[in-house]
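J.: build the 3D model from these lines:
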Amino acid sequence: MSDVFISYARASRDQAERIAAALQAQGYAVWRDDALPAHRDYSEVIEERLRAAKAVVVVWCADAVRSQWVRAEADVAREAGKLVQLTLDGARLPMPFNRIQCAELIGWTGDPSAPGWRKVAESVAALAGGASRAEPAVPARPLAAEMPSVAVIPFVNLSGDPEQQYFTEGMVEEIVAGLSRYKSLRVVATGGSILSAGSPVSPGEAARAVGARYLLEGSVRKAGSRVRITLHLIDAASGGELWADRLEDALDDVFALQDRVAERVAGVVEIAVQDADVRKAAERPTQDLSSYDLFLRATFLFRISRKPEIEQAIDCLDQAVARDPNFAIAMSHACVCLRQMLDHGWTADPDGVRRKGLDYAERAMRIAPNDPRVLAQVAMGVPGLEGRMDRALSLVDRATALNPNSGFLWLASGSIRLRNGDPETAAAHLERALQLDPISSISSYMRMYLAAARFQQRRLDEALALYETTTYRLPVSYVILASLYGHLGRFGEARQALAQLNDLAAGSVDKLVEIWFPRAEYRQLLMDGLSAASLATASGASVSSAAPAAT
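T.: Take a look at the predicted model:
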């Protein structure tokens with residue numbers, strides 16, 4: 001059985017993971033609820049592991065204090081004399097735990113020499129004795145030193161009404177809970193004992209206090225029955241603002257308003273942070289890149305969507321995985337890149353590319369079976385890698401169920417639905433993606449895919465208007481544009497669209513048409529537009545004069 005059992009609230013999952021990794025590095029067998037088996041009652045397994053462990057590390061934070069599960073586990077450990085407790089945010093502990101020594105790990109980033117961590121390690125050693133290797137360690141994702149971290153600073157109540165403080169604090173808690181669903185982020189919920197709401201603290205000072213690279217701060221002002229909420233996402237190192245928003249709404253349903261604000265924030269912050277990290281990695285010399293930086297460099301290259309850049313992206317991801325064999329997000333991203341190689345016919349070894357992509361998919365799923373982004377990226381890869389649309393739909397539906405506030409996940413679902421010949425569902429999911437994330441870099445992808453769905457719905461003017469709002473286009477987008485212009489009688493622009501396609505060296509366009517237009521009626525719509533402009537056999541564009549055969 002395990003040497004150490006870790007009890008924690010969902011909001012502090014990343015910090016608990018870091019603590020587990022540090023104890024595993026010291027040789028202890030550590031158990032967390034990530035290792036729950038699928039065939040047994042989870043409450044029985046938790047109690048069994050809790051009572052069998054030699055030491056129980058309770059990770060306190062504001063959410064843990066409110067969690068009946070954490071308090072019950074802490075009580076069992078206290079009665080058994082094997083409780084080791086630490087605090088991440090200085091939240092006031094409930095009785096009787098406030099009478100027991102509690103180590104402070106506020107802003108801890110994994111430094112084994114930190115005083116608070118030394119206290120935890122010494123207590124575990126006293127209780128667990130010699131470390132054992134009784135069971136394998138749960139694979140860990142990259143530590144927080146590489147993954148981006150966001151601290152949610154207590155919002156300022158500008159209402160002059162102390163009774164509104166409960167609304168402000170509740171909204172922050174909802175935002176933290178929403179952001180904690182993103183496993184690509186480390187979210188730090190800062191307690192009032194660290195940063196007093198309203199106190200003048202610079203971004204750099206706040207970052208040092210909580211160990212975060214990005215800060216989310218805000219203010220709330222109530223006027224009559226309405227409330228104004230201002231939000232700012234700050235790069236702690238530069239002090240620069242990455243994103244800002246202002247919301248005004250009625251205060252008639254407090255809980256619904258808190259949910260709406262949390263959804264709005266969670267839908268934007270992940271991509272805004274990743275975009276900032278991508279820009280930094282793109283400017284850094286290659287020899288200085290960590291595994292996470294290599295992943296970011298691959299993200300930058302992937303967005304260009306040409307053969308040389310996709311090949312470079314795959315190389316970066318291979319290097320990232322070689323440095324960190326548990327980097328599931330990098331593996332799942334490689335699946336999408338390798339699928340691109342097959343879709344466009346950019347490889348002389350399709351079988352080898354397919355095997356490599358499927359190997360990455362299976363490894364990513366073993367390491368991170370409940371990471372929504374991993375699930376979605378594997379789902380985007382498998383239709384082209386193994387032709388399993390049923391598996392893709394199942395995986396992406398599971399991803400959106402795990403985190404329904406992620407614009408990226410709804411984008412993935414919409415693109416897969418397009419590939420499945422279902423433009424109605426695709427359009428609904430892409431509209432949801434844009435509602436959640438209307439301004440980040442990936443919103444261009446959303447509009448581009450939504451334009452393709454609108455074309456298949458025969459809403460041609462809407463499709464063209466969407467294409468005109470984005471400069472990001474897949475090669476097949478230029479075929480759709482040419483057909484759109486043909487249907488609308490704009491023949492010169494149709495020829496220009498196909499000329500742009502030729503410049504991309506996209507490979508077999510006939511194959512791309514079959515992939516993105518799997519139903520014969522939609523392929524016929526495409527070809528009718530091209531024929532109307534007498535462009536179906538345009539020089540250099542390998543688009544057949546007749547619609548591809550139905551599959």
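
J.: any idea whether the closest residue in space to residue 270 that isn't next to it in sequence is helix, strand or coil?
T.: Among residues not flanking residue 270 along the chain, residue 182 sits closest, at 4.7 Å (Cβ to Cβ, 6 or more residues apart in numbering). Where you see a C-beta, it was placed from the backbone N, CA and C, and this is true even at glycine. What DSSP: H, G, I helix; E, B strand; the rest coil gives for residue 182 is coil.

J.: angles on the backbone of residue 182, please.
T.: phi -90, psi 110 (degrees, to the nearest 10).

J.: tell me how many other residues crowd it.
T.: For residue 182, the neighbour count with other Cβ atoms under 10 Å is 25.

J.: ditto for residue 438
T.: Other residues close to residue 438 by other Cβ under 10 Å number 14.

J.: and the strands in the chain?
T.: 4-7, 30-31, 55-60, 83-87, 103-104, 149-152, 156-157, 186-189, 214-223, 226-235, 241-250 (DSSP state E).

J.: distance from the chain centre to the fourth one, please.
T.: Average the C-alpha atoms of strand 83-87, do the same for its chain, and the two points are 30 Å apart (Cα atoms, centre = their mean, to the nearest Å).

J.: how about the fifth one?
T.: The chain centroid and the centroid of strand 103-104 are separated by 30 Å under Cα atoms, centre = their mean.

J.: and it, average pLDDT?
T.: Mean pLDDT, strand 103-104: 90.

J.: residues making contact with that strand?
T.: 84, 85, 86, 87, 90, 116, 117, 119, 120, 123 (Cβ atoms under 8 Å, 6 or more residues apart in numbering).

J.: so the third one versus residue 93, what's the distance?
T.: With distances taken as Cβ to Cβ, to the nearest Å, residue 86 is found 11 Å from residue 93.

J.: what touches both of those two?
T.: By Cβ under 8 Å, 6+ apart, the residues touching both residue 86 and residue 93 are 60, 102.

J.: more neighbours, those two?
T.: Taking other Cβ under 10 Å, residue 86 and residue 93 do not tie; residue 86 has more neighbours (23 against 19).

J.: re the thing from before, return the residues in contact with the residue nearest to residue 270.
T.: Taking Cβ under 8 Å, 6+ apart, we find residue 182 in contact with 266, 270, 372, 373, 403, 406.

J.: quick check: domain ranges of this structure?
T.: 4-128, 149-178+185-265, 473-551 (automatic domain parsing).

J.: start to end distance for the longest one?
T.: With Cα to Cα, to the nearest Å as the measure, domain 4-128 spans 8 Å from end to end.

J.: before we move on, the earlier item: measure the residue nearest to residue 270 to residue 175 for me?
T.: Distance from residue 182 to residue 175, by Cβ to Cβ: 12 Å.

J.: ok, now residue 101?
T.: 32 Å.

J.: could you check which of the two is surrounded by more residues?
T.: Between residue 101 and residue 175, counted using other Cβ under 10 Å, residue 175 has the larger neighbour count: 26 against 10.

J.: dump the residue contacts of the more buried one.
T.: 152, 216, 261, 262, 265, 266.

J.: burial measure for residue 521, as a count.
T.: 11.

J.: just the pLDDT for it.
T.: 94.

J.: kindly report the same for residue 418.
T.: Predicted confidence (pLDDT) for residue 418: 95.

J.: can you give me the neighbour number for it?
T.: Residues lying near residue 418 (other Cβ under 10 Å) number 25.

J.: what separates it from residue 47, distance-wise?
T.: Applying Cβ to Cβ to residue 418 and residue 47 gives a distance of 47 Å.

J.: and the residue nearest to residue 270, what pLDDT?
T.: pLDDT, residue 182: 77.

J.: same check on residue 118?
T.: 87.

J.: run a quick neighbour tally on it.
T.: Going by other Cβ under 10 Å, the residues that sit close to residue 118 add up to 13.

J.: gap between the nearest residue to it once chain neighbours are set aside and residue 17?
T.: Spatial nearest neighbour of residue 118, excluding adjacent residues (Cβ to Cβ, 6+ apart): residue 112 at 7.8 Å. Distance of residue 112 to residue 17, given as Cβ to Cβ: 16 Å.

J.: for residue 94, same thing?
T.: 24 Å.

J.: kindly report the same for residue 337.
T.: Residue 337 is 27 Å from residue 17, by Cβ to Cβ.

J.: state the distance from residue 312 to residue 147.
T.: 23 Å.

J.: got it, and residue 384?
T.: 28 Å.

J.: more crowded one of these two?
T.: Neighbours per residue (other Cβ under 10 Å) separate residue 384 from residue 147, with residue 384 holding more: 22 against 18.

J.: ok, now which ones touch that one?
T.: Neighbours of residue 384 in contact, by Cβ under 8 Å, 6+ apart: 339, 340, 342, 343, 515.

J.: got the residues you listed as TSV, with neighbour count, distance to residue 437 and pLDDT columns?
T.: Below are the contacts of residue 384 laid out as TSV (neighbours: other Cβ atoms under 10 Å; distance: Cβ to Cβ, whole Å; pLDDT from 0 to 100):
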residue	neighbour count	distance to residue 437	pLDDT
339	23	23	95
340	24	22	92
342	20	28	92
343	21	25	90
515	19	25	90
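
J.: could these go into CSV alongside distance to residue 318?
T.: As requested, those are exported to CSV (distance: Cβ to Cβ, whole Å):
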residue, distance to residue 318
339, 16
340, 15
342, 17
343, 20
515, 25
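
J.: state the pair within the residues you listed that is farthest apart.
T.: 340 and 515 (11.0 Å; Cβ to Cβ).

J.: select the longest helix from this protein.
T.: Longest helix in the chain by number of residues (criterion: DSSP state H): helix 254-283.

J.: return the distance of that one from the chain's centre.
T.: 10 Å.

J.: for that helix, give the mean pLDDT please.
T.: Here the average pLDDT along helix 254-283 is 78.

J.: any regions of this protein where pLDDT drops low?
T.: Along the chain, segments meeting pLDDT under 70 span 1-2, 34-42, 109, 130-146, 163, 188-211, 281-289, 504-508, 534-551.

J.: tell me how many other residues crowd residue 97.
T.: With other Cβ under 10 Å as criterion, residue 97 counts 18.

J.: check contacts around it.
T.: By Cβ under 8 Å, 6+ apart, the contact list for residue 97 reads 58, 60, 74, 78, 83, 85.

J.: how about those in CSV, adding neighbour count and distance to residue 279?
T.: Shown next, in CSV, are those (neighbours: other Cβ atoms under 10 Å; distance: Cβ to Cβ, whole Å):
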residue, neighbour count, distance to residue 279
58, 25, 39
60, 29, 36
74, 24, 43
78, 17, 48
83, 23, 45
85, 22, 40
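
J.: which of these sits closest to residue 350?
T.: Among the contacts of residue 97, and counting by Cβ to Cβ, the member closest to residue 350 is residue 58, at 52.3 Å.

J.: next up, the contacts around the closest one.
T.: Residue 58 neighbours (Cβ under 8 Å, 6+ apart): 7, 8, 64, 70, 73, 74, 77, 83, 84, 85, 86, 97.

J.: now residue 71
T.: Residue 71 touches 65, 94, counting by Cβ under 8 Å, 6+ apart.

J.: quick check: it vs residue 120, distance?
T.: 19 Å.

J.: would you mark the buried spots in stretch 296-308?
T.: 296, 297, 298, 299, 300, 301, 302, 305, 306, 307 (16 or more other Cβ atoms under 10 Å).

J.: for residue 449, state which of these is nearest.
T.: residue 305 (13.2 Å).

J.: right, and that closest one touches residue 340 too?
T.: Yes - counting by Cβ atoms under 8 Å, residue 305 touches residue 340, with 7.4 Å between them.

J.: how about the helices in the stretch 401-550 of the chain?
T.: Taking DSSP state H, counting those that start in this stretch as the test, the helices found in the stretch 401-550 of the chain are 407-419, 423-436, 443-456, 460-467, 475-487, 491-503, 509-516, 520-532.

J.: fine by me, we can end here.
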